[in-house]
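1. No sequence on hand, only this structure:
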């Protein structure tokens, strides 16, 4: 049995509204997509919070709100912070 199991990171696409984390990596992003993410201000170490999932996926950062297409959402892996167990 696994007692005390917690999740410390996940793909952005599986997070719920209110979940907050720090962008850890972009495991499947090609160079062009990575450049696009960085142009949006999404880079490793950036804190991100999910503010809406449907009908559009929206996140907030210290720079403001962003609406992201599914193709970009699935490229972002987040290290969760302030997670209640």
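-> All right, it came through fine. As the structure is a computational prediction, the values presented were derived from the model and not from experiment.

2. okay, and for this protein, where does confidence drop off?
-> Low-confidence segments of the chain, defined by pLDDT under 70: 1-7, 82-85.

3. in it, which spans are strands?
-> Using DSSP state E, the strands found in the chain span residues 9-11, 20-25, 47-52, 57-61, 64-68, 77-81.

4. okay, the ones you listed in JSON lines with distance to residue 40 and mean neighbour count next?
-> (Glycine included, C-beta is placed from N, CA and C.) Output for those, formatted as JSON lines (distance: least, C-beta to C-beta, whole Å; neighbours: other C-beta atoms under 10 Å):
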{"stretch": "strand 9-11", "distance to residue 40": "17", "mean neighbour count": "15"}
{"stretch": "strand 20-25", "distance to residue 40": "11", "mean neighbour count": "17"}
{"stretch": "strand 47-52", "distance to residue 40": "11", "mean neighbour count": "17"}
{"stretch": "strand 57-61", "distance to residue 40": "9", "mean neighbour count": "18"}
{"stretch": "strand 64-68", "distance to residue 40": "6", "mean neighbour count": "13"}
{"stretch": "strand 77-81", "distance to residue 40": "15", "mean neighbour count": "18"}
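
5. Tabulate the ones you listed (a markdown table), appending distance to residue 39.
-> Written out in a markdown table, the entries for these read as follows (distance: least, C-beta to C-beta, whole Å):
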| stretch | distance to residue 39 |
| --- | --- |
| strand 9-11 | 21 |
| strand 20-25 | 14 |
| strand 47-52 | 16 |
| strand 57-61 | 13 |
| strand 64-68 | 11 |
| strand 77-81 | 19 |
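
6. which stretch among the ones you listed comes nearest residue 38?
-> strand 20-25 (10.5 Å; C-beta to C-beta).

7. Tell me which residues are up against the closest one.
-> 9-10, 15, 42-50, 76-82 (C-beta atoms under 8 Å, 6 or more residues apart in numbering).

8. how about the strands of the chain, which one is nearest residue 36?
-> Among the strands of the chain, the nearest to residue 36 by C-beta to C-beta is strand 64-68 (10.6 Å).
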